[in-house]
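# Here you go, sequence then predicted model.
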Amino acid sequence: MLNKKMIAALNGQMSNEFYSAYLYLSMSAASTAMGLRGAANWFMVQYQEEMVHFMKLYNYVISQGGAVTLATVKAPPSAFKSLLDMFEQTLKHEQFITRCINDLSDLAVKEKDHATAVLLQWYVTEQVEEEANDNDVLARLRLVGKDGNGLFMVDNELATRVFTPPPAAGNPSA
Ligand code: OFO
């Protein structure tokens, strides 16, 4: 059972996740425009992952009898200076999301909502992975600097990222 405070907070996080999806979709389009096909793929996979984050909260709130209230999602930036700029903004955004998840986890504990606290553990783990991935790409981008061949190689690596859909609903390991 979810209380009103928790429902409002989870709906707020749904908006954050939807904005994340929107942001990475915009970065995917910008990467394509820069001729960076690998980065376009990487950000498209990230967009798909963010929609999974959104839907997980959406399904959870509904399954607990809570009301889903979708809010206006602001437009993401559409112009970026470089791939490095995009990944710097990505890391900054993910650090913001990590703070949101931590606040939500604090609230769940304060409200003695153990079921939501368990759900949020998945997001805590996910954020560790996301920040690690972003730091990894950023390190390589800083290493290659303005070297075109280096950028080409990093872009080729980003092309290998594959979206793994979550297990089907009803699967106990989902
Ligand atoms: Fe990028 O983890 Fe959700 O928002």
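Thanks, I have it.
# okay, now the closest residue to the ligand within the chain: neighbour count?
Proximity of the chain to the ligand (Cβ to the nearest ligand atom) peaks at residue 20, 3.4 Å away. C-beta here means a position set from N, CA and C on the backbone, and glycine is covered the same way. Counted with other Cβ atoms under 10 Å, residues neighbouring residue 20 total 25.
# How about it, nearest residue that isn't a chain neighbour?
residue 50 (4.2 Å; Cβ to Cβ, 6 or more residues apart in numbering).
# List the contacts of the one you found.
By Cβ atoms under 8 Å, 6 or more residues apart in numbering, residue 50 lies in contact with 17-18, 20-21, 24.
# and the residue of the chain closest to the ligand, what helix or strand is that in?
If you go by DSSP states H and E, residue 20 is part of helix 4-33.
# continuing past that helix, what's the next helix or strand?
Past helix 4-33, the next helix or strand by DSSP H and E is helix 37-63.
# Say whether the ligand is contacted by the helix or strand following that next one.
Next helix or strand after helix 37-63 toward the C-terminus (DSSP H and E): helix 83-110. Yes. Helix 83-110 is in contact with the ligand by Cβ under 6 Å from any ligand atom, via 94, 97.
# Which pLDDT value goes with residue 171?
We have a pLDDT of 49 for residue 171.
# gap between the one residue sitting closest to the centre of the chain and residue 42?
In the chain, the centroid-proximal residue (Cα atoms, centre = their mean) is residue 50; its distance is 4.3 Å. Using Cβ to Cβ, to the nearest Å, we find residue 50 at a distance of 13 Å from residue 42.
# and if you look at residue 135?
From residue 135 to residue 42 the distance is 14 Å (Cβ to Cβ).
# Which of those two has more residues huddled nearby?
residue 42 (28 against 13).
# where in the chain is pLDDT low?
169-174 (pLDDT under 70).
# Close to the ligand: what parts of it are there?
Checking the chain against the ligand by Cβ under 6 Å from any ligand atom, the hits are 17, 20, 50, 53, 94, 97, 130.
# residues contacting the first one?
What that stands for is residue 17. Here residue 17 is in contact with 50-51, 53-54, 57, 97 (criterion: Cβ under 8 Å, 6+ apart).
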